[in-house]
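Engineer: my questions concern the predicted model and sequence given below.
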Amino acid sequence: MVPYRVLVVDDSPFMRKIFSDLIVQDPQFTIVATASNGLEAIEAVKKWKPDAVTLDLEMPELNGIDALQRIMNEQPTPIIMLSGISEENTRETIKALQFGAFDFIRKPMGAFSNDIVRVGELLLEKLRIAVLMKRYSSVNGIEDTPALPKAKIERLQPVKRAKPLEEESSSKKRLLQPEQQAEAREVAAPEVKASSLMKNLTKLSNEEIISLVPVAAALEDSMTRKQSKKRLTAADQFDHVIAIGTSTGGPRALHEVICSLPAELAAPVLIVQHMPPKFTKSLAQRLDSFSDLKVVEAAQGDRLKAGVVYVAPGGHHMELAKDHAGYYVQLTQKPPRNGHRPSVDVLFESLTPFDELRRHAVIMTGMGSDGAKGMKALVDSGAESAIAESEQTCVVYGMPRSAIENGCVKTVLPLQQIAAELQQAVLKG
């Protein structure tokens, strides 16, 4: 068998040597070339047409993000990003995954770090999957980067957070239930009266205008309290909950789904994305900057609210729990399940006791079988939706396939249709 050819890109000669030595420990791989910056990487990809690339984030002349985008546009190739653990590095890593990187690994901490061996094992594992996915895609005519169409990638610009009282717009009204529209009209009524008052100010003397200032202030304060109370009441009361599990290819898939859901979604969303600590925080922050929904990295005891997305923090399992005050996030450090913490199985299984909620489970792109057993338990307990991403749009068709083979999936959909399916399921009420 001819070895798979890997291009190693890093501005540090020492790191190029470290990663090259780690990769060739597996006879399936050979180093076809190395490069010290993004421009050299682009030319090397054109010249050598490697089966996979390892790409550093921070480099002179052209950084890893810019090089990644050009490579994916000109000659799509499986790329594994090499990331540090600084806050800036984790943010850039999440951005790279959304721009088409296959996966990432954390760089070893130093020359004599004990985790160099572990980093090497992870890198080889990801390289094996990456080259197999490339070969499978070529044989079966599947696009190399299917998770987002090009038009979607080009539109990856932050959007302004939808204001809580924008229900008055016709597009938002169509998404509201009749009782919600009534509430919106009730809240807006004082604004009409205030507007009428302003029109008559020209007829009043200065003394009369001054006398109205406390009245206007009191009216504004009353409106603010009333609006806040209504938002809190609506958010705290929900009958639906959505749980999503994903792994390799997940950040792009999550971007597609979460950013397609409306701000008025009458359900909380719980997400498990297989990632180390710190990276999940950056993922939540990036999703939050694009989505109309509020997206946070979950913290112990967070009270669940409709319209809020909770991302399980790396290194912790996330479970749904309930007490006298309502539903909340329970984080634990129980042993890993299926090699993962957080685990999709743990999240899904934690939803099974709450049959008073209409539960919707989604499994998307990822290696392995995490989530299949949990989805089966959820369906057996009466879950309303059990959705798997279709093979055509998965970066890695592992987790969805395992769930389908386990006989628990009710609906198989391409990535771009999952958000609409969830919205329709929740609106059915």
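Structural biologist: Structure received.
Engineer: separation between Pro335 and Val346?
Structural biologist: Counting by C-beta to C-beta, to the nearest Å, the gap from Pro335 to Val346 is 10 Å. All C-beta atoms are positioned from the backbone trio N, CA, C, and that covers glycine.
Engineer: higher neighbour count, the two?
Structural biologist: Val346 (25 against 8; other C-beta atoms under 10 Å).
Engineer: surely the more buried one forms part of a strand?
Structural biologist: No. Using DSSP: H, G, I helix; E, B strand; the rest coil, the secondary structure at Val346 is helix, not a strand.
Engineer: nearest residue to it in space, please, no chain neighbours.
Structural biologist: Nearest in space to Val346, with sequence neighbours left out and distances taken as C-beta to C-beta, 6 or more residues apart in numbering, is His317 at 4.4 Å.
Engineer: residues near that neighbour, how many?
Structural biologist: 23.
Engineer: what's near enough to touch it?
Structural biologist: Residues counted as contacts of His317 (C-beta atoms under 8 Å, 6 or more residues apart in numbering) are Leu331, Thr332, Gln333, Lys334, Arg337, Arg341, Pro342, Ser343, Val346, Leu347.
Engineer: next one: Pro27
Structural biologist: So Pro27 contacts Pro3 (C-beta under 8 Å, 6+ apart).
Engineer: secondary structure class for it?
Structural biologist: Strictly by three-state DSSP, Pro27 counts as coil.
Engineer: for Asp302, phi and psi?
Structural biologist: Backbone torsions for Asp302, taken as degrees, to the nearest 10, come to phi -50, psi 130.
Engineer: correction: the previous question concerned Val8.
Structural biologist: phi -110, psi 120.
Engineer: that one contacts Thr54, correct?
Structural biologist: Yes. With contacts counted by C-beta atoms under 8 Å, Val8 reaches Thr54, the gap being 5.2 Å.
Engineer: helices along the stretch 251-400 of the chain, start to end?
Structural biologist: 279-290, 344-350, 372-380, 399-405 (DSSP state H, counting those that start in this stretch).
Engineer: below-threshold pLDDT in the stretch 201-350 of the chain: ranges please.
Structural biologist: 201-234 (pLDDT under 70).
Engineer: do a quick rundown of the strands in it.
Structural biologist: 240-246, 269-273, 294-297, 308-311, 317-323, 326-332 (DSSP state E, counting those that start in this stretch).
Engineer: so how far is Ile23 from the closest residue to Leu283 other than its chain neighbours?
Structural biologist: Spatially, and ignoring its direct neighbours in sequence, Leu283 is nearest to Ile94 (5.1 Å; C-beta to C-beta, 6+ apart). Ile94 is 24 Å from Ile23, where distance means C-beta to C-beta.
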